[in-house]
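Undergrad: Generate a structure from the sequence data that follows.
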Amino acid sequence: RYWRDWSSDVCSSDLGSSKSQSTPSYTTANTGAAALPSLQSPPSGPAPGTQTAFFLDSHLQNPYTEQMDLAVQQDLGHSNVLSVSYLGAMGRELPNFLNVNIDPTHTYKINYVLAPGTNGTCGPAACGTYSVNAYAGRQILTAPTPPATTPPTTYQSFAAINPAFGSVTEVMSNVNSSYNALSVDVTNRMFKWITFDANYTWAHALDFSQYQFTAPSTNNWLDPYANQRINYGNSSLNIRHRAVGWANVVVPGINGDSPVKYLTNGWSIKPLVQMQSGLPYSAGFSGTTPQSCYGQVGCYLPIGTGITGTSAQTAYLPFVGRNTQQYPRDILVDVRFEKDFPIMEHYSLQLFAEAFNVANHQNITGVNTTAYQLSTTQNAPTPTFAGGTPVNTLTYQPSFGTPSSANSNYAYNPRLVQVAARFVF
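TA: From the prediction side, this is the model:
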């Protein structure tokens, strides 16, 4: 599977290139001939800086996992067994995608001022000023002094590899992950008319911001040149607490040849209860990445978007942290009623009635992740003002974390009831 992905990255390197395959056009001098298909003209090639390329790191490895477990069991009597287990899984050489066309020698500092929202708080981070390093893609070389409109504004572009490419993404395998869990389980292996299992799992999944999809992104990390440990945090699939219980209850019937037993015998009830912590998510912001200054010679412009201007796929605020927020808990109760009607010796008719999410619990499947709205006071030059440092304000949005969808994925749905019949022979 992984080699297929690497191959697709190589093949996509030339897409959009001026040297890529052209689509020819045809004309005919014979006006009485049949009309030829209308085909596109040959492309002239993309504008400088808009091409993209992917290449494989020379030390790229296939990903693998190291798994371990240890279980201790104790017989509690009456067909009950207690089990305590440790489970571990270590992911190694997981894929990562970094834009190495970003020039690390041209950076500038952005100061963000966190301001309270209408509720008087600054949300998940304390009010104050936070600084991040941003990467520049261009710099102003010439700019008119207001009210003049000449000379025109000109720019110098920066690139570590080739300024004709907007991004050059290196596909590498430098992400690790870890999963550690402790599970306690009580199992009943059939005591009279009931069988059940109940278990609780505490777990913690951590990684270095592992990309979740097979198709590569342009850039995965906020800072492709910083120490990779700054990306270490909760996995996007980290579920701290999970409890599951199920039972198979056979309703006692009556003995004898009374025809009433066809109504009283063969009943069973099978409930299933699942509860778990909500998935983690990161606080984000909405707005345009600020420049170092505006309208002045020497001003840096960001190379991309996002809090650091690197167009990182893993979008989060470094002063809040990655995956530090959490969805509400999920609860799911399902139940199945079954009635068996024996027909002669080798045949039977089974009737089922099943209900999923019996309580119609609102399991939240989406929340508003925009924690802050960015506004920038540019302080650009005017006829009476020489220009100054921009003021970048992140205003907290009280709607952050509010549900946007519920019971809307493959795992959680609104209450559903179905009936079925099965003939066994």
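Undergrad: Nearest residue to Gly278 in space, ignoring adjacent ones along the chain?
TA: Tyr327 (2.9 Å; Cβ to Cβ, 6 or more residues apart in numbering). In this view, the C-beta of every residue, glycine as well, is placed from N, C-alpha and C.
Undergrad: Low-confidence stretches in this structure?
TA: Low-confidence segments of the chain (pLDDT under 70): 1-50.
Undergrad: can you give me the helices in it?
TA: If DSSP state H is used as the criterion, the helices of the chain fall at 2-11, 261-264.
Undergrad: Kindly provide the distance from the residue nearest to Gly278 to Leu272.
TA: Distance of Tyr327 to Leu272, computed by Cβ to Cβ, to the nearest Å: 21 Å.
Undergrad: same check, this time on Ala89
TA: In terms of Cβ to Cβ, Ala89 sits 25 Å off from Leu272.
Undergrad: Same check on Tyr155?
TA: According to Cβ to Cβ, Tyr155 and Leu272 sit 62 Å apart.
Undergrad: ditto for Pro302
TA: 51 Å.
Undergrad: if you count what's nearby, which of the two comes out ahead?
TA: Pro302 (22 against 15; other Cβ atoms under 10 Å).
Undergrad: The closest residue to the more buried one other than its chain neighbours: how many residues sit nearby?
TA: Leaving out its chain neighbours, the residue that sits closest to Pro302 by Cβ to Cβ, 6+ apart is Gly309, at 3.0 Å. Residues near Gly309, counting by other Cβ under 10 Å, number 27.
Undergrad: Confirm for me that Gly309 is in contact with Ser292.
TA: No - contact between Gly309 and Ser292 fails when scored by Cβ atoms under 8 Å: they sit 10.4 Å apart.
Undergrad: what sits in contact with each of the two?
TA: Ala134, Ala136 (Cβ atoms under 8 Å, 6 or more residues apart in numbering).
Undergrad: Enumerate every residue touching His241.
TA: Tyr200, Thr201, Trp202, Gln276, Ser277.
Undergrad: Any chance of a PyMOL selection covering the buried ones in these?
TA: Provided next is the PyMOL selection string for whichever of the contacts of His241 are buried by 16 or more other Cβ atoms under 10 Å:
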select buried, resi 201+276+277
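Undergrad: partners of the residue lying closest to Gln67 once chain neighbours are set aside in the sheet?
TA: Leaving out its chain neighbours, the residue that sits closest to Gln67 by Cβ to Cβ, 6+ apart is Ala89, at 4.9 Å. For Ala89, the beta-bridge assignment (DSSP bridges) gives partners Gln67, Tyr179.
Undergrad: what's near enough to touch Ala89?
TA: Thr65, Glu66, Gln67, Met68, Ser178, Tyr179 are the contacts of Ala89 under Cβ under 8 Å, 6+ apart.
Undergrad: Recalculate using a threshold of 10 Å.
TA: Contact partners of Ala89, counting by Cβ atoms under 10 Å, 6 or more residues apart in numbering, are Thr65, Glu66, Gln67, Met68, Asp69, Ser177, Ser178, Tyr179, Asn180, Ala181, Ala205.
Undergrad: Quick one: residues contacting the fifth one.
TA: Residues touching Asp69, when contacts are defined by Cβ under 10 Å, 6+ apart, comprise Ser85, Tyr86, Leu87, Gly88, Ala89, Ala181, Ser183.
Undergrad: and of the residues you listed, the nearest to Thr384?
TA: Distance to Thr384 across those (Cβ to Cβ) is lowest for Ala89, with 64.3 Å.
Undergrad: any idea how far Thr150 is from the closest one?
TA: 64 Å.
Undergrad: cool, Ser209 as well?
TA: 47 Å.
Undergrad: now swap in Ala126 and tell me
TA: Taking Cβ to Cβ, one finds Ala126 at 47 Å from Thr150.
Undergrad: And for Val417?
TA: From Val417 to Thr150 the distance is 74 Å (Cβ to Cβ).
Undergrad: More neighbours: which of the two?
TA: Comparing Val417 with Thr150 by neighbour count (other Cβ under 10 Å), the higher total belongs to Val417, at 10 against 7.
Undergrad: which residues touch that one?
TA: Residues in contact with Val417, defined by Cβ under 10 Å, 6+ apart, are Ala353, Glu354, Ala355, Phe356, Asn357, Val358.
Undergrad: go again using 7 Å as the cut-off
TA: Ala355 (Cβ atoms under 7 Å, 6 or more residues apart in numbering).
Undergrad: if we can go back for a sec, quickly note the distance from the residue nearest to Gln67 to Met172.
TA: 22 Å.
Undergrad: Ok, Tyr300 next?
TA: Where Met172 is concerned, Tyr300 sits at a distance of 27 Å (Cβ to Cβ).
Undergrad: and if you look at Ala353?
TA: 53 Å.
Undergrad: Could you check how many residues crowd around the nearest residue to Asn231 once chain neighbours are set aside?
TA: Spatial nearest neighbour of Asn231, chain neighbours left out: Ser209 (4.0 Å); criterion: Cβ to Cβ, 6+ apart. By other Cβ under 10 Å, 24 other residues sit near Ser209.
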